[in-house]
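S.K.: Structure for this input, please:
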Amino acid sequence: MRAAIILHQRVREWAQRWRFRRITNPQLRRMLCAVHALPAREQEVFRLACYEDLSNEQVAARMGLSTDEVVQHLSLALRLVADSYERQQQGRW
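M.R.: Residues are numbered from 1 along each chain as shown. Predicted structure coming up:
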């Protein structure tokens, strides 16, 4: 299952590559590409936890998930964003 998610992430990452081409700050461009390439559920958990600064319990209540599921989705999202950012920085995509 995780392999399928990672493959999906890379395909979406490649598709997002041109979406943010006009952003001149390379770090911001890499981060936006990485976040927008996340699978939908991971992207939503990431947005609520990181951008809206909600606790895991608040994210769980808003999305109808258990706290453990939020932790799992957030952990996966953070790993995928970090891997994507590093891959972009090294020019391997």
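S.K.: Against which helices or strands is whatever helix or strand residue 84 lives in packed?
M.R.: In the assignment (DSSP states H and E), residue 84 maps to helix 67-89. If contacts are counted by 3 or more C-beta pairs under 8 Å, 6 or more residues apart in numbering; DSSP states H and E, helix 67-89 sits against helix 2-16, helix 26-36, helix 40-46, helix 56-63. (Glycine included, C-beta is placed from N, CA and C.)
S.K.: Report the rounded mean pLDDT for it.
M.R.: Averaging pLDDT along helix 67-89 gives 93.
S.K.: Quick one, which of the helices and strands packed on helix 67-89 gets closest to residue 78.
M.R.: Between residue 78 and those, the shortest gap by C-beta to C-beta is with helix 40-46, which sits at 7.5 Å.
S.K.: What residues of the closest one count as buried?
M.R.: 42-46 (16 or more other C-beta atoms under 10 Å).
S.K.: By mean pLDDT, flag the weakest helix or strand of this structure.
M.R.: helix 2-16 (a mean of 78; mean pLDDT, DSSP states H and E).
S.K.: Next, the angle from that one to helix 67-89.
M.R.: On the basis of axes from the mean of the first three to the mean of the last three C-alpha atoms, to 10 degrees, helix 2-16 is oriented at 50 degrees to helix 67-89.
S.K.: Return the list of helices and strands in contact with helix 2-16.
M.R.: So helix 2-16, by 3+ C-beta pairs under 8 Å, 6+ apart, packs with helix 26-36, helix 67-89.
S.K.: could I get those helices as JSON lines with distance to residue 2 and mean neighbour count?
M.R.: Output for the helices and strands packed on helix 2-16, formatted as JSON lines (distance: least, C-beta to C-beta, whole Å; neighbours: other C-beta atoms under 10 Å):
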{"stretch": "helix 26-36", "distance to residue 2": "17", "mean neighbour count": "17"}
{"stretch": "helix 67-89", "distance to residue 2": "8", "mean neighbour count": "17"}
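S.K.: Thanks a lot, see you next time.
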